[in-house]
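dropping the sequence and predicted coords here.
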Amino acid sequence: MNSHPSPSSSTVAPASWRYVVAGFACLLVSSYVDNIRGPLLPVMAKDLSLDHRSLGFALAASYVAAGVAVSGLVHVLNRWSERSVLLVTSLAGMLVGLGAMWTSGFASLFVLSCFTGAVISVLGTMSNVLVLEGTPSAWQGKVLAGLHAMFGVGSLAGAALVAARLAAGDRWSNLYTIAAPCFLGLLAFAAIGMKRAAKERPRTVQAASLAPAHVALVGLFGLYVVGEVMTSLWLSSFLVEAEGFSPEDAARFQARYFLVLTAARMACVVLVKQRSERLVLTLALALPIAAFAIGRLGAPGALVFMGLYGPFFPVMLARASRLYADRWRTITIWTIVAMNGLLAISTAGLGALADAYGIVRAFHLPPLVLAATLVGLWLYFKRLERNHRNFS
């Protein structure tokens with residue numbers, strides 16, 4: 001592997017605001033669908049008569065399907081344009097939005113979870129690819145931070161809508177149905193708005209293999225995302241069962257958690273410089289762990305500050321795109337694959353732990369994963385220093 005990154009077509013191709021807009025829209029829609037699942041888990045468990053183990057298994061299946069779908073992008077994006085992938089995925093997303101209306105038990109929930117996992121994971125991956133393709137390298141860090149703030153916006157909107165609609169007595173499946181016209185909007189933008197831009201841009205072709213340094217980075221990303229996603233997925237269930245919240249109040253609390261996550265990422269757009277990125281990455285892991293500890297010591301309101309891990313993913317991804325400019329897309333895709341594989345295992349495991357030992361003990365797993373990520377981050381930087389290489 002070369003010690004200095006070679007230029008990729010993402011850094012030499014002209015910037016395209018249409019690609020950036022598409023990327024932001026992808027993450028906004030996918031984060032809404034992704035993060036209504038957590039606040040809805042207590043309601044779905046009651047409505048479908050399912051225990052934690054069954055819910056965890058259905059969620060695990062969604063991550064397996066997501067990993068399989070995203071792994072295909074390594075080769076698909078070397079042959080198809082980003083626009084073509086977005087057209088197909090948006091169409092599949094419309095089916096997910098409408099399919100929830102026919103979910104009545106574990107079997108149909110299992111199918112819905114598989115389709116949901118595949119769609120939101122491909123869209124999430126494409127959001128990063130589109131933004132990195134459409135943004136000049138000098139601006140990628142700030143634009144990625146803004147992009148991942150959209151994750152917080154979509155998640156916040158989802159949690160707020162869940163709280164409002166459940167309070168109004170609405171059925172949980174209607175929260176999925178709301179997403180169908182959003183996917184239709186994505187489909188229309190890809191079909192019309194991106195048509196000319198896609199013809200004018202050269203297709204980026206990158207190697208599908210990973211060197212050991214890339215694998216270590218993928219593992220680090222995967223660990224972090226497991227900690228983040230398990231927190232957002234199970235926070236409402238923890239609040240309902242451990243703190244006596246109603247599902248509506250838990251959804252409102254989770255909306256505040258997503259507000260913290262969004263604010264932390266938006267702050268990165270303005271404040272984060274390359275020289276301070278290592279400190280930001282460290283604090284993005286240490287502060288949520290501290291917030292969890294304070295929350296468990298009798299101040300549950302502190303749990304909203306677990307959202308302070310928000311800057312980690314975009315800042316780390318921007319650094320990776322600078323260091324490995326010739327394989328940034330491959331690293332991003334394999335990161336999502338690894339993430340989904342780890343999430344499949346951890347989500348099923350947390351559901352089983354919750355049934356066996358209670359959600360209070362099981363919910364210690366996400367901060368433990370964040371602590372492991374913090375150790376991994378320290379080891380990775382030490383390795384870079386030993387090789388006389390850094391991200392700056």
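Structure's in. What do you need?

shaky segments in the stretch 251-392 of the chain?
Per-residue confidence for the stretch 251-392 of the chain (pLDDT under 70) gives these ranges: 269, 272, 325, 387-392.

redo that, cut-off 90
Low-confidence regions of the stretch 251-392 of the chain, defined by pLDDT under 90, span residues 251-252, 254-255, 258-259, 261-280, 296-300, 309-365, 379-392.

in it, which spans are helices?
277-296, 312-323, 328-357, 359-362, 365-386 (DSSP state H, counting those that start in this stretch).

which of those helices sits most buried?
Mean neighbour counts were compared across the helices of the stretch 251-392 of the chain using mean count of other CB atoms under 10 Å; the top stretch is helix 312-323, at a mean of 24. All C-beta atoms are positioned from the backbone trio N, CA, C, and that covers glycine.

how far does that one sit from the chain's center?
Averaged C-alpha coordinates place helix 312-323 at 15 Å from its chain's average position (CA atoms, centre = their mean, to the nearest Å).

what angle separates it from helix 365-386?
On the basis of axes from the mean of the first three to the mean of the last three CA atoms, to 10 degrees, helix 312-323 is oriented at 20 degrees to helix 365-386.

so how far is stretch 250-261 from its chain's centroid?
Going by CA atoms, centre = their mean, the spacing between the C-alpha centre of stretch 250-261 and its chain's C-alpha centre is 16 Å.

contacts for it?
Contact partners of stretch 250-261, identified using CB atoms under 8 Å, 6 or more residues apart in numbering, comprise 35, 38-39, 42, 151-152, 155-156, 159-160, 162-163, 166, 232, 235-237, 239-240, 245, 303-310.

just stretch 17-31 next, same as before
With CB under 8 Å, 6+ apart as the test, stretch 17-31 has contacts from 82, 86, 93, 119-121, 123-124, 126-131, 133-135, 143, 146-148, 150-155, 158, 179, 182-183, 185-186, 189-190, 193-194, 197, 201.

can you rerun that using 7 Å?
The contact list for stretch 17-31, computed with CB atoms under 7 Å, 6 or more residues apart in numbering, reads 86, 120, 123-124, 126-127, 130-131, 133-135, 143, 147, 150-151, 153-155, 179, 182-183, 186, 189-190, 193-194, 197.

and what of stretch 315-322?
Contacts with stretch 315-322, where a contact means CB under 7 Å, 6+ apart, come from 128, 132, 140-141, 144-145, 217, 221, 268, 272, 277, 280-281, 328, 331-332, 391.

got the CA coordinates for it in CSV?
Taking Å, rounded to 0.1, in the frame of the first residue of the first chain, the C-alpha atoms of stretch 315-322 are listed here in CSV:
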residue,chain,number,x,y,z
VAL,A,315,-15.1,13.3,11.5
MET,A,316,-13.6,9.8,11.3
LEU,A,317,-14.9,9.3,7.8
ALA,A,318,-13.5,12.6,6.6
ARG,A,319,-10.1,11.7,8.0
ALA,A,320,-10.3,8.3,6.3
SER,A,321,-11.2,9.8,3.0
ARG,A,322,-8.1,12.0,3.2
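
before we move on, back to that, out of the contacts of stretch 250-261, list just those in strands.
Counted as lying in strands by DSSP state E, out of these, is not a single one.

ramachandran angles for residue 105?
The main-chain torsion angles of residue 105 are listed as degrees, to the nearest 10 and equal phi -170, psi -170.

pretty sure it sits against residue 48.
Yes: between residue 105 and residue 48 there is a contact at 5.9 Å, judged by CB atoms under 7 Å.

those two: which has the busier surroundings?
residue 48 (17 against 11; other CB atoms under 10 Å).

so the more buried one sits against residue 107, correct?
No: judged on CB under 7 Å, residue 48 makes no contact with residue 107 at a distance of 10.3 Å.

kind regards, and thank you for your time.
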